[in-house]
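Enquirer: no sequence for this one, just the structure:
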């Protein structure tokens, strides 16, 4: 199409990018499904996107492991997945406002209220952290509902007030001296 603006002629063309619909079905039916792609977000089980778009599919159901995977949409298609039964896993952190994350099959997320469903008899990882505390983490396997009480230990600030640092006469080595009274500290 040509549009004439006085001495300026503008040519407009319409390139059609094919759109395809992905329908995502879970067995059993998920309580919550979220489909996302760059510029697209759907909280239903279908999404329409341009060809070759990578869609992240996430599904949740009480009693099942959180499902998360990606699908490249190349045509209108239906993907059906079986949700994996899980057991309830809870972490009670101290301090209570510590961040809890769980990693299952390479996907890390913060479980709601520090509780999620994890694979039965398959390893997964957890991490508990908070600024000013030493983090705790592990990879474990559970076969029944599990609650872990995780106590983080506060980090002790390192006191450098009793140390003196200086350069040697050639300015090529740092000299350290200690003037405190701690019997466990020795400085050569």
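Expert: Alright, I've got the coordinates. Here the structure is a predicted model, which means the values were calculated and not measured. Numbers count the residues shown, from 1 in each chain.
Enquirer: which parts of this protein belong to which domain?
Expert: Taking automatic domain parsing as the domain assignment, the record places the domains of the chain at 11-82, 86-154.
Enquirer: now residue 107: how far from residue 153?
Expert: When CB to CB, to the nearest Å is the yardstick, residue 107 and residue 153 sit 28 Å from each other. Any C-beta I mention is one placed from the backbone N, CA and C, and that applies to glycine too.
Enquirer: between the two, which one's more packed in?
Expert: Between residue 107 and residue 153, counted using other CB atoms under 10 Å, the more crowded position is residue 107 (13 against 10).
Enquirer: the more buried one pairs with what?
Expert: Here residue 107 sits in beta bridges with residue 104, going by DSSP bridges.
Enquirer: look at it and report its pLDDT.
Expert: Listed pLDDT for residue 107 reads 93.
Enquirer: quick one: the closest residue to residue 51 other than its chain neighbours from residue 115, how far?
Expert: Leaving out its chain neighbours, the residue that sits closest to residue 51 by CB to CB, 6 or more residues apart in numbering is residue 18, at 4.9 Å. Distance, residue 18 to residue 115, by CB to CB: 43 Å.
Enquirer: higher neighbour count, those two?
Expert: The residue with more neighbours, out of residue 18 and residue 115 and counting by other CB under 10 Å, is residue 115; that gives 15 against 10.
Enquirer: tell me which helix or strand the residue nearest to residue 145 when sequence neighbours are not counted sits in.
Expert: Using CB to CB, 6+ apart and skipping residues adjacent in sequence, the residue nearest residue 145 is residue 88, 4.4 Å away. Counting by DSSP states H and E, the element that carries residue 88 is strand 86-94.
Enquirer: who are the contact partners of the most centrally placed residue in the chain?
Expert: For the chain, residue 108 is the residue whose C-alpha lies nearest the centre (CA atoms, centre = their mean; 3.5 Å). By CB atoms under 8 Å, 6 or more residues apart in numbering, residue 108 lies in contact with 101, 102.
Enquirer: distance check, it against residue 55.
Expert: Counting by CB to CB - residue 108 and residue 55 are separated by 20 Å.
Enquirer: okay, the nearest residue to residue 89 once chain neighbours are set aside: pLDDT?
Expert: In this structure, residue 89 finds its nearest non-sequential neighbour in residue 118, 4.4 Å apart by CB to CB, 6+ apart. What the model reports for residue 118 is a pLDDT of 97.
Enquirer: residue 49 against residue 19, yeah?
Expert: Yes. Assessed by CB atoms under 8 Å, residue 49 is found in contact with residue 19 at 6.7 Å.
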